[in-house]
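Peer 1: Please find the sequence and the predicted model below.
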Amino acid sequence: MKVLFVCLGNICRSPTAEGVLRHKLWEAGLIEQVQVDSAGTGDWHVGKAPDARTRVAAQRRGYDLSQLRARQVEAADFGRFDLILAMDKSNLANLQRLRSGAGAELDLLLQRYELALDEVPDPYYGGEDGFETVLDLIEQACDALIDEIKGRL
């Protein structure tokens, strides 16, 4: 199975989701069966590491994002991935416009798993607590995603 997480710049939310899911897949013994990636709908940060605040918050919880680099989502991703999960409605709309036919299943990460919020808020312009909130939401969603993956495999 192949999963792609998408946010705006691929430096805060989607790399966090990639790192969290990789860690949880490893813990569940599923890391060899699932490919995980992340991308942004924008191109401002292509080739850059995740935001330093994102990396620090993730590291405090045991997630290593240091090897990740931002990339922009492309039309070919719809054929490469089984499931593409957007962090918010704006990015979901951008993905729907980019999509040209069949391919990957497309959904909002939090809405898919019926969590308290529909969207993962962008912490970029806020304080440290925003990065912690993002981690809380993504950890909950990734636990549910692991259950879904187990059911699919």
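Peer 2: Thanks, I have it. Numbers count the residues shown, from 1 in each chain.
Peer 1: Remind me what the helix ranked longest in the chain packs against, helices and strands.
Peer 2: Taking DSSP state H as the criterion, the chain has its longest helix at helix 128-152. Packing partners of helix 128-152 (3 or more Cβ pairs under 8 Å, 6 or more residues apart in numbering; DSSP states H and E): helix 13-28, helix 52-60, helix 109-112. C-betas here are computed from N, CA, C, even on glycine.
Peer 1: Please identify the deepest-packed of the ones you listed.
Peer 2: The highest mean neighbour count among the helices and strands packed on helix 128-152, using mean count of other Cβ atoms under 10 Å, belongs to helix 13-28: a mean of 24.
Peer 1: Just the CA atoms of it, as CSV, please.
Peer 2: Once side chains and other backbone atoms are set aside, the C-alpha atoms of helix 13-28 remain, and they are given as CSV (Å, rounded to 0.1, in the frame of the first residue of the first chain):
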residue,chain,number,x,y,z
ARG,A,13,1.9,19.2,8.6
SER,A,14,2.5,16.6,5.8
PRO,A,15,6.1,15.8,6.8
THR,A,16,4.8,15.4,10.4
ALA,A,17,2.2,12.9,9.2
GLU,A,18,4.8,11.1,7.1
GLY,A,19,7.2,10.8,10.1
VAL,A,20,4.4,9.8,12.5
LEU,A,21,3.0,7.1,10.2
ARG,A,22,6.4,5.7,9.4
HIS,A,23,7.1,5.3,13.1
LYS,A,24,3.8,3.7,13.8
LEU,A,25,4.2,1.4,10.9
TRP,A,26,7.6,0.3,12.2
GLU,A,27,6.1,-0.3,15.7
ALA,A,28,3.3,-2.4,14.1
